[in-house]
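A.B. asks: quick one: sequence plus predicted model below, questions after.
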Amino acid sequence: MSEPKKPWHALREQELLETLNTKREGLEQAEVDERLEHFGPNRLPEAPKKPAIVRFLIQFHNLLIYVLMAAGVAALLLGHVTDAIVILAVVVINALIGFIQEGKAEQAMEAIGKMLALKATARRNGSWEEIPAESLVPGDIVRVKSGDRVPADIRLLDAHGLRIDQAALTGESVPVGKSPDVQDEDTDLADRRGMIYSGSMTSNGQATGVVAVTGGQTELGRISDMLQNVETLTTPLLQKINRFARLLTIIILFLTALVVTLGALIHSMPIGEGLLAGIALAVAAIPEGLPAIITITLAIGVQQMAQRQAIVRQLPAVETLGSVTIVCSDKTGTLTANELKARAIALVEGMRDPETDRLDSTAGHNLLRAAALCNDFEPGANSGDPLERALVLLAEDQDTDIAKLRERRPRTGLIPFSSDHKFMASLSKGLVSMKGAPEAILARCDFQHNGREPEALDHDFWDDCLDELTGKGLRVLAVAEKHVDDDLESLDQDQPPEGLTLLGLVGFADPPRKEVPEAIRSCQSAGVRVKMITGDHIATARSIAIELGLMKKDGMAMSGHEIDRLEADELHDRVLETDVFARTTPEHKLRLVKALQAHHQVVAMTGDGANDAPALKRADIGVAMGIKGTEASRQAAEMVLADDNFATIVNGIEEGRGVYDNIRKAILFVLPTNAAQALVIILAVLAGLVLPITPVQILWVNMAIAVTLALSLAFEPLEKDVMRRRPRPLDQELLTSFVVARILWVGLVLTAGTFILFNQVLAETGDEILARTMAVNVLVAGQITYLFNCRRWQAPTLTKEAMFSNRWAWLSVSLLVVMQMIFTYLPGAQTVFGTSGLPAQYWWLVIGFGLLIFALVEIEKAVTRHLNLGWAAPDGRPFRPTGKDDEDSG
């Protein structure tokens, strides 16, 4: 064997056989064994897998987790076993949540492997035999037939009516005809008629060919290798949480060291007490419940999206959808209906739209008759050639009774379609009907039907019609007929009929889904751009894009060939202004996603084939098709569309923005409590006083509030203006200036109330346990009323819609009140948490403080609205209510 001088599809048969050192009679077993030793089995290389224990331990690699673990160990060493157990249990639960979400890439690799054929028919030692596909080697002579999965990348030697479904590799919507023709070296993968590729399916016909490459060297193998080496980006939310965790860790470590040091220096605090105060501070400042709140909020978003036909495979993908700035969408089946329909018909009397026009002329009637007779598709069938199905639907829509027509004119002769002659001819009782490629049919026609009778063929007229139809991106078939003697009973394939009458040209296209134009307008109003990336021809892609409103008539479109000619910096400059990319390969899609991300865009990429898997994995969010998508694409993606519908992506963007809103509301709600608890401990140490709250009480407040109040924010309905906002900037942190300001001042008020009322009860009763019970209940009361403040960013809370649109808020308040009664009065809980029953007169102070918090925050929101401060709005824009609904939505 030698290296090919040209690509396989550009080699003539003799060159091909010489390069592969083989012959049509096949290889001998000894040669097979030698090549199997050299090239290895015909299977994809397996990627190394990460052991489950390693994936679990990685979940602990987080600064906040390290701080909590250190606090738990220190508490254990100091003899505070209950504190230690509770702290470490929180750590383990968070690790388990992360562990469950791992493993997507490995599943995608396994799914691509499942696309390989299990068996192959090869010629060995001079005879045909069925062998395991894994044992194929370059140079093997193989045979494929209808229904077979192609076992390797094969150069055809002979083909008879062969049609291959290679959508998983190229994204083409219909099976393509194949023949052993030699083609130019730079022919696109999708146009290489002389090659069939591993993992594709044989739809019709049969063929013989020679194995060119196997295993990892195949096109499917290249995709697998790309997928294995594609970097998976961290989602925007996780990036922000990681930055937030680092900042919080630094602050906590600094404050903890400060508390221990100042306690020792100012008040000669024993090291054990100082460490206990440090542990209390660490536990107070860390929002232990926040990871669970975020996870559950995302999970609720997943559930909401599932009800809207979007299945999310990874929780952070929900929020990522809300950050999307560009959607790169496949065309077929996502933007379009994935079924060919007749969109235009050229007759001598003019162009007709089959959706609105009746084909009532004789030429139109005869065209419908020929389309029904020269056709193997059975009305009502679920499978068959898409073009033939479209012709049958056209005839039925025009009220042609196909069953009666075929009964009246039964078929007696047939020349089946072949990629060699490019037409099909049918003989039915004195009438030959023919359909096929326009150039093949026109070459056999001498006449045309003018609507009343045949006349001489006008080639220039039909060339103009063909240019008009192809210019619209339509696939075109010509339809013709010829009357013959009734006693003719068969057709000669070697001498097909000539002198036919051309009836017309039919242009086909996969029409847009009806709901997609509105969905694209919704994206545009939300500041999200939509780009089409397809394997189809550029004229077809441009036509559909203009019809959808995705691009203007003078918009930019680019082919795969043009992408190949661009350097990285040139593609970087042009990628944003181009709306349509056609005839793309897996490498093109990956380059385009990376180029868009280099502009700091958050990219959603749709796909359905194995060829899409690398780009799906690289995109910020990969979106696979649930109906027509391959298992490889579904495993590489974060989200699967159950209905293969682009409009579902828009629903996902809307839900994602709502989820992010709710996560930010939860942070806005939770962190003032942590700030207040930390400040209370710092003040106590600086003043040389006993701690107003203990570590286990702090954990109770943090986790009880997280489980009840904060969790109810996950159920907040979508804000009414969510799809009228601009996409969030990538560099917008969770802790915006508004959030920090709110945390600080509410935290200070909570601190003041807790510290003052703790010391008041302590001074009145001298009972530390009672005073601490009071402090905890003051914190909780403040959070109960503050919950309703947080349900709207800036809109007033005292409206019917704001107060009662989320029943979970009231249920959570009721549950927390019951929990606080147990915490305060149940003997078992008093033992664990160090509490005692609170006298009735103190409850009035608790309730009054809660109402004070609510009133102060509502005053702050009113002032912010009055001053129109954009920094306080959810997307950084000034608060501009345009009506009652907008104002209520906040």
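C.D. replies: Sure, I can see it. Computed from a predicted structure; not experimentally measured.
A.B. asks: what's the helix or strand Glu15 falls within in contact with?
C.D. replies: Using DSSP states H and E, Glu15 falls within helix 13-19. Helix 13-19 is contacted from outside by 1-6, 8, 11, 23-24, 155, 157, 180, 210, using C-beta atoms under 8 Å, 6 or more residues apart in numbering. All C-beta spots, glycine's among them, are computed from the backbone N, C-alpha and C.
A.B. asks: where is pLDDT lowest across these?
C.D. replies: Lowest pLDDT of the contacts of helix 13-19: Met1, 70.
A.B. asks: distance of that one from Cys374?
C.D. replies: 46 Å (C-beta to C-beta, to the nearest Å).
A.B. asks: the two - which one has more neighbours?
C.D. replies: Higher neighbour count among Met1 and Cys374: Cys374, with 28 against 15, using other C-beta atoms under 10 Å.
A.B. asks: checking the residue nearest to Thr22 when sequence neighbours are not counted next. Helix, strand or coil?
C.D. replies: Using C-beta to C-beta, 6 or more residues apart in numbering and skipping the chain neighbours, the partner closest in space to Thr22 is Gly139 (3.7 Å). Secondary structure, DSSP: H, G, I helix; E, B strand; the rest coil: Gly139 is coil.
A.B. asks: residues touching Gly139, list them.
C.D. replies: Counting by C-beta under 8 Å, 6+ apart, Gly139 makes contact with Met1, Leu20, Asn21, Thr22, Leu27, Glu31, Arg35, Val210, Val211.
A.B. asks: do that again at 6 Å, thanks
C.D. replies: Gly139 makes contact with Leu20, Thr22, Leu27, according to C-beta atoms under 6 Å, 6 or more residues apart in numbering.
A.B. asks: likewise for Asp467?
C.D. replies: Applying C-beta under 6 Å, 6+ apart, no residues contact Asp467.
A.B. asks: host element of it?
C.D. replies: Under the criterion of DSSP H and E, Asp467 resides in helix 459-471.
A.B. asks: helix or strand next in line after that helix, which one?
C.D. replies: In N-to-C order, the element after helix 459-471 by DSSP H and E is strand 475-483.
A.B. asks: which of the residues in the helix holding Asp467 are buried?
C.D. replies: By neighbour count on 16 or more other C-beta atoms under 10 Å, the buried set for helix 459-471 is Trp462, Cys465, Leu466, Glu468, Leu469, Thr470.
A.B. asks: cool, and stretch 185-201?
C.D. replies: Across stretch 185-201, burial judged by 16+ other C-beta under 10 Å covers 188-190, 192-201.
A.B. asks: just the element for Gly656, please.
C.D. replies: Counting by DSSP H and E, the element that carries Gly656 is helix 646-687.
A.B. asks: show me what that helix is packed against.
C.D. replies: helix 271-285, helix 290-306, helix 316-323, helix 516-525, helix 737-765, helix 768-790 (3 or more C-beta pairs under 6 Å, 6 or more residues apart in numbering; DSSP states H and E).
A.B. asks: tell me which of those helices sits most buried.
C.D. replies: Per-stretch averages of neighbours, counted by mean count of other C-beta atoms under 10 Å, single out helix 316-323 among these, with a mean of 27.
A.B. asks: so Thr256 sits against Val283, correct?
C.D. replies: No - using C-beta atoms under 6 Å, Thr256 makes no contact with Val283, being 10.1 Å away.
A.B. asks: what's the domain layout of the protein?
C.D. replies: Domains of the chain are assigned by automatic domain parsing as 8-46+111-220, 310-337+513-644, 341-507, 661-889.
A.B. asks: for Asn651, which of those domains is the nearest?
C.D. replies: domain 310-337+513-644 (6.4 Å; C-beta to C-beta).
A.B. asks: can you tell me the average pLDDT over that closest one?
C.D. replies: Domain 310-337+513-644 carries an average pLDDT of 88.
A.B. asks: now do the strands in the stretch 451-600 of the chain.
C.D. replies: Along the stretch 451-600 of the chain, counting by DSSP state E, counting those that start in this stretch, strands occupy 454-456, 475-483, 500-509, 529-533, 556-559, 578-582.
A.B. asks: for those, which one sits closest to Pro827?
C.D. replies: strand 529-533 (62.8 Å).
A.B. asks: just checking the distance from that closest one to the centre of its chain.
C.D. replies: Once both centres are worked out by C-alpha atoms, centre = their mean, to the nearest Å, strand 529-533 turns out to sit 14 Å from its chain's centre.
A.B. asks: quick check, Val210 in a strand?
C.D. replies: Yes - assignment of Val210 by three-state DSSP places it within a strand.
A.B. asks: how deep is it tucked in, by neighbour count?
C.D. replies: The number of residues packed near Val210 is 26, by other C-beta under 10 Å.
A.B. asks: for the residue nearest the centre of the chain, give the beta-bridge partners.
C.D. replies: The structure's the chain has its C-alpha centroid closest to Val623; by C-alpha atoms, centre = their mean the separation is 1.9 Å. When bridges are called by DSSP bridges, Val623 pairs up with Thr606, Met639.
A.B. asks: so it versus His588, what's the distance?
C.D. replies: 18 Å.
A.B. asks: over to Ala509?
C.D. replies: On the measure of C-beta to C-beta, Ala509 and His588 end up 23 Å apart.
A.B. asks: same check on Pro151?
C.D. replies: In this structure, Pro151 and His588 are 27 Å apart, going by C-beta to C-beta.
A.B. asks: same drill for those two, tell me which one is more crowded.
C.D. replies: The residue with more neighbours, out of Pro151 and His588, is Pro151; 29 against 24, by other C-beta under 10 Å.
A.B. asks: my read: the more buried one touches Ala120, true?
C.D. replies: Yes - the criterion here is C-beta under 6 Å, and Pro151 meets it with Ala120 at 3.9 Å.
A.B. asks: overlap in contacts of the two?
C.D. replies: Residues touching both Pro151 and Ala120 by C-beta under 6 Å, 6+ apart: Ala133, Leu136.
A.B. asks: relative to Asp620, how far out is Val324?
C.D. replies: From Val324 to Asp620 the distance is 7 Å (C-beta to C-beta).
A.B. asks: settle it for me: which of those two has more neighbours?
C.D. replies: A direct count of neighbours by other C-beta under 10 Å for Val324 and Asp620 places Val324 higher, at 28 against 25.
A.B. asks: which residues does the nearest residue to Glu716 once chain neighbours are set aside contact?
C.D. replies: Once flanking residues are discounted, Glu716 sits nearest to Asn662: 5.0 Å by C-beta to C-beta, 6+ apart. Taking C-beta under 6 Å, 6+ apart, we find Asn662 in contact with Thr297, Leu713, Ala714, Glu716.
A.B. asks: okay, the buried residues of helix 459-471 in JSON lines with distance to Arg791 next?
C.D. replies: JSON lines is the format used below for these (distance: C-beta to C-beta, whole Å):
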{"residue": "Trp462", "distance to Arg791": "67"}
{"residue": "Cys465", "distance to Arg791": "63"}
{"residue": "Leu466", "distance to Arg791": "62"}
{"residue": "Glu468", "distance to Arg791": "58"}
{"residue": "Leu469", "distance to Arg791": "57"}
{"residue": "Thr470", "distance to Arg791": "57"}
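A.B. asks: what are the phi and psi angles of the closest residue to Gln597 other than its chain neighbours?
C.D. replies: Spatial nearest neighbour of Gln597, chain neighbours left out: Val603 (5.9 Å); criterion: C-beta to C-beta, 6+ apart. Dihedral pair for Val603: phi -110, psi 130, per degrees, to the nearest 10.
A.B. asks: Val603 reaches Asp620, doesn't it?
C.D. replies: Yes - in this structure Val603 lies within contact range of Asp620 using C-beta under 6 Å: 5.2 Å.
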